[in-house]
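Trainee: Mind looking at a prediction? Sequence and model below.
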Amino acid sequence: MESDLDISLTDSGNGSRKFSNPGQFGGLLAPSADTLPWPDFLTGQQTKPVRVLLVDDDPFVRRVIAQELLGDLRIQLEGQAGTLREGRRLLMQHEFDVLMVDIRLGDGSGFELIEEAKRHRSAAEIIVVSALEDEPQVLHAFELGASGYLVKNAWFQSYAQAVLQVVNGGAAITPRLARRLLVHLDHKRSNVNPVRPPDSKATLSTREREVLRLVATGYVTEEIALQLTISAQTVNAHVKNIYRKLHAHTRAQAVSFASHRGLL
């Protein structure tokens, strides 16, 4: 059985690490914490790196992703697994901030692991790594609480950057897939009445609207706190209230639901 850290690394001499013979897989390496300034208010510091679990049944895929994550000092790879059963064991044995998981595992579905991860650690972020650009599968992943969906063999993506993006309140999705989803949404809008009345049962306070507008603009928690001169804890409290009122599970869902209901 291969070791979780059985990965050959080569130092490029500038503080970043590269893997040999990446082929047409995995995209671009994220800049390391040694070569790029990283604000101290963002999650993912060398003194407190983001803890990641990786579950994929393809050893080559795991090796490539793990190698990139290990090359970034802001990220700590806690463990790897190749099956649903091993993934469940990792969930119970490790504290983690991000779960990266494939949907198709040899002994089950990654969707099961997403649900168990959310039950075990509700605040954890989920990034799906899949070979499929399937819209229903993507939407189902986000419905279960995923905040990222990356497609294998895509050039324009970075696994390390995706991890740092989701833990700081953002979303991570392969650019080509994002464009396909936008086309899909545009098609749906063209076939329904574009004017949708707001839900009278859901109301947001003035402050909650301000917070949600900043979320929609792309600001993370700490940046919203600075913009509104409130604490990060207060921002998170507002976000939780917004989730409850809109029956949303992610920030992307909250923005979408509020927009459709005329609450933004």
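Mentor: Sure, I can see it. Numbering: from 1, shown residues only.
Trainee: rest of the way, CA atoms for contacts and neighbours
Mentor: Will do.
Trainee: Give me the contacts around stretch 128-144.
Mentor: Stretch 128-144 is contacted by residues 100-104, 111, 114-115, 146, 148-153, 177, 181, 249-250 when judged by Cα atoms under 8 Å, 6 or more residues apart in numbering.
Trainee: out of those residues, which are buried?
Mentor: 100-104, 111, 114-115, 146, 148-152, 177, 181, 249-250 (16 or more other Cα atoms under 10 Å).
Trainee: which residues touch Ser109?
Mentor: Taking Cα under 8 Å, 6+ apart, we find Ser109 in contact with Leu84, Ile103.
Trainee: gap between it and Val138?
Mentor: Separation of Ser109 from Val138 (Cα to Cα, to the nearest Å) stands at 14 Å.
Trainee: do Val52 as well
Mentor: As judged by Cα to Cα, Val52 and Val138 stand 21 Å apart.
Trainee: Show me which of the two is the more surrounded one.
Mentor: Legend: neighbour count by other Cα atoms under 10 Å for Val52 and Val138, higher for Val52 (24 against 20).
Trainee: Kindly check the end-to-end length of stretch 87-103 for me.
Mentor: Using Cα to Cα, the two ends of stretch 87-103 sit 12 Å apart.
Trainee: For that stretch, which outside residues touch it?
Mentor: Applying Cα under 8 Å, 6+ apart, the external contacts of stretch 87-103 come out as 50-57, 78-81, 109-111, 113-114, 116-117, 120, 123-130, 163, 167.
Trainee: hmm, which of those residues are the buried ones?
Mentor: For the contacts of stretch 87-103, buried by 16+ other Cα under 10 Å: 50-57, 78-81, 110-111, 113-114, 117, 124-130, 163, 167.
Trainee: hey, where'd the helices end up in the stretch 151-264 of the chain?
Mentor: For the stretch 151-264 of the chain, the helices defined by DSSP state H, counting those that start in this stretch occupy 159-167, 175-190, 206-217, 221-228, 232-246, 251-260.
Trainee: Could you identify which of those has the lowest mean pLDDT?
Mentor: Mean pLDDT is lowest for helix 175-190 among those, at a mean of 66.
Trainee: Phi first, then psi, for Lys48.
Mentor: Main-chain torsions, Lys48, degrees, to the nearest 10: phi -150, psi 80.
Trainee: Return the distance of the closest residue in space to it that isn't next to it in sequence relative to Pro136.
Mentor: Excluding its sequence neighbours, the residue lying closest to Lys48 (Cα to Cα, 6 or more residues apart in numbering) is Arg74, at 7.4 Å. Arg74 sits 33 Å away from Pro136, going by Cα to Cα.
Trainee: do Ala123 as well
Mentor: Distance of Ala123 to Pro136, computed by Cα to Cα: 24 Å.
Trainee: got it, and Val220?
Mentor: If you go by Cα to Cα, the gap between Val220 and Pro136 works out to 27 Å.
Trainee: quick one: which of these two has more around it?
Mentor: A direct count of neighbours by other Cα under 10 Å for Val220 and Pro136 places Val220 higher, at 20 against 9.
Trainee: pretty sure the more buried one is touching Val166, no?
Mentor: No. When contacts are counted by Cα atoms under 8 Å, Val220 is not listed as touching Val166 (9.6 Å).
Trainee: helices and strands of the protein: which one bottoms out on pLDDT?
Mentor: Within the chain, no helix or strand scores below strand 10-11, which has a mean of 34 by mean pLDDT, DSSP states H and E.
Trainee: Give the residue spans of the stretch 1-150 of the chain that score low on pLDDT.
Mentor: Within the stretch 1-150 of the chain, the stretches with pLDDT under 70 are 1-36.
Trainee: ok, which stretches of it are helices?
Mentor: With DSSP H, counting those that start in this stretch as the criterion, the stretch 1-150 of the chain has helices spanning 59-70, 84-93, 110-120, 135-143.
Trainee: what angle sits between the longest one and helix 159-167?
Mentor: It refers to helix 59-70. 70 degrees (axes from the mean of the first three to the mean of the last three Cα atoms, to 10 degrees).
Trainee: Repeat that for the third one.
Mentor: Per the same axes, to 10 degrees, the angle that helix 110-120 makes with helix 159-167 is 50 degrees.
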